[in-house]
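Asks: Below: sequence and its predicted model.
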Amino acid sequence: MRKPRVEIVDDAGQPVGAGDIGEIVVSGPDVFAGYWQAPELTAEVLKNGIYHTGDLARMDDDG
């Protein structure tokens, strides 16, 4: 079974370097299927099977 994957990415969906600010995204088989009866809202946050939280973060050199 695959574990959820958490990354911090830029606006283009590319991982950011240590110390850079980006959006937290999460992917995995059981992370998020969509909002109940809200396909438009689901499409805003679920892109290519990756859940975009809308939260910003920065990772340090230790991960």
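Replies: Nice, I can see it. Numbers count the residues shown, from 1 in each chain.
Asks: Checking the residue nearest the centre of the chain next. Helix, strand or coil?
Replies: In the chain, the residue lying closest to the centroid (C-alpha atoms, centre = their mean) is Val25, at 1.1 Å. Of the three states, Val25 takes strand according to DSSP: H, G, I helix; E, B strand; the rest coil.
Asks: Let me see the contact set for it.
Replies: By C-beta atoms under 8 Å, 6 or more residues apart in numbering, the contact list for Val25 reads 6-9, 13, 50-53. C-beta coordinates here come from the backbone N, C-alpha and C atoms, glycine included.
Asks: If any of those are buried, give me the PyMOL selection for them.
Replies: In PyMOL, this line selects whichever of the contacts of Val25 come out buried by 16 or more other C-beta atoms under 10 Å:
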select buried, resi 7+8+50+51+52
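Asks: Glu44: which of the contacts of Val25 is nearest?
Replies: His52 (8.1 Å; C-beta to C-beta).
Asks: Contacts only, for Val16.
Replies: Contacts of Val16 (C-beta under 8 Å, 6+ apart): 8-10, 22, 59.
Asks: ok, it to Val6 distance?
Replies: Taking C-beta to C-beta, to the nearest Å as the measure, Val16 falls 13 Å from Val6.
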